[in-house]
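Undergrad: The following comprises the amino acid sequence and a computationally predicted model.
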Amino acid sequence: MTGALSNEPLWYQLLIAVIKASVLMGALLGVTGWLVLAERKIIAWLQGRPGPNRAGPMGLFQPVADVLKLLTKEESIPPFVNKILFIAAPAIITITAMVSYAIIPWGPNPVWGAISNLNLGVLLFLALSSLGVYSIVLAGWSSNSKYAVLGGLRATAQMISYELSLSMALLAAVMMAGTLNFQLIVEAQRPFWFILLQPLGFFIFFVSAIAESRRTPFDLPEAENELVAGFHTEYSAMKFALFFLGEYMGVILLSGIMATVYLGGYQGPILPGPVWMILKIAVLFFVFVWIRATYPRFRYDHLMQIGWKWLIPLAVLNLIITAVLCLTFPNLVPNAIH
């Protein structure tokens, strides 16, 4: 940890970190169910239909009904699966998503700052996002089902392909900020948000984030008309719920990273920093849902072409242009690496 808390005893720093982590995880687990309801309501609104409206007033208790259904369903483990890997797969995707939240700063002071204000926070985010691939691979392979294996292979190829463009877009912003620390990246955006200086980088990151989270129009690994449910075809009850939870926590995480790196993070007038972060994440989440309700699923060869023929070359070009500008105009961004 850095900042004011760094002068406090170690036990005090650990206590504050545990409290912040507990509050954040409790809030995330509580909010995720209502995010599913919000997504269903937004899609219904965009498509001109009512959406969930039976469980409680205006369907507000639908998440409670969904959770109760998942908790009371029978846990089924098919006899032909590799049980250890089959059980471990959904846990990996949920744990990696939860741990990644530790590096997102929610405010300028130590109380609202990141749980772990690491100087290599960007590298930790990229490392944890890479571990998510293992969950999908293990789920597909351990299920011993042709549909699950095909879904796992699709997800692996897709996530590896788009992670390259996502990483290079993020590195261009890191180059301008001159640091791998997310808190310092936010502070480096005091004159201008990086979305103004890195519009191409933001576009590449956003498209890659949709592909990384396997959401429409990049939901090929779970194409129900081709692969039933893809890599989690054989899962049920709470193990299926963990995949669902990991997906939505991943969407919130990627929205938080975009808000931090490109939209000034917690910066904003009048309102407290955490409120600005929540508002920016909510806007980005709405765009995720809007795209899901608008665009059809890509064909698989088109999906790979977008990643390898367009996004990766554009990310390399953006990285080169950023390096040239940082070296040629050192006063453009005072903190840039020269």
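TA: Thanks, I have the structure now.
Undergrad: Gln47 is in contact with Trp290, isn't it?
TA: No. Using CB atoms under 8 Å as the test, Gln47 is too far from Trp290 to be in contact (11.4 Å). The way it works is simple: take the backbone N, C-alpha and C, and place the C-beta from them, glycine included.
Undergrad: Pick out whichever of those two has more residues nearby.
TA: Between Gln47 and Trp290, counted using other CB atoms under 10 Å, Trp290 has the larger neighbour count: 13 against 10.
Undergrad: Correct me if wrong: the more buried one contacts Ile42.
TA: Yes. If you go by CB under 8 Å, Trp290 and Ile42 touch, sitting 7.3 Å apart.
Undergrad: Could you tell me how many residues sit around Gly246?
TA: Neighbour count for Gly246, taken as other CB under 10 Å: 25.
Undergrad: and the helix or strand harbouring it, average pLDDT?
TA: Element membership for Gly246, per DSSP states H and E: helix 237-262. Confidence over helix 237-262 (mean pLDDT, whole number) is 88.
Undergrad: what does stretch 83-97 give?
TA: The pLDDT scores in stretch 83-97 average 85.
Undergrad: going on from the helix holding Gly246, what's the next piece of helix or strand?
TA: Under the assignment DSSP H and E, the closest C-terminal helix or strand after helix 237-262 is helix 273-294.
Undergrad: Just the residues contacting that next one, thanks.
TA: 35, 38-39, 42-43, 46-47, 106-108, 112, 206, 210, 213, 215-217, 251-252, 255-256, 258-260, 263-268, 271 (CB atoms under 8 Å, 6 or more residues apart in numbering).
Undergrad: quick one: Trp106 and Gly113 touch, right?
TA: Yes. Under the criterion of CB under 8 Å, Trp106 makes contact with Gly113 at 7.1 Å.
Undergrad: What mean pLDDT does the longest helix along the chain get?
TA: If you go by DSSP state H, the chain has its longest helix at helix 10-46. The average of the pLDDT scores along helix 10-46 is 83.
Undergrad: where along the stretch 101-250 of the chain do the strands fall?
TA: Using DSSP state E, counting those that start in this stretch, the stretch 101-250 of the chain contains no strands.
Undergrad: who are the neighbours in contact with the closest residue to Ser116 other than its chain neighbours?
TA: The shortest distance from Ser116 to any non-neighbouring residue, by CB to CB, 6 or more residues apart in numbering, is to Ala102 (4.6 Å). Applying CB under 8 Å, 6+ apart, we find Ala102 in contact with Ala21, Ala114, Ile115, Ser116.
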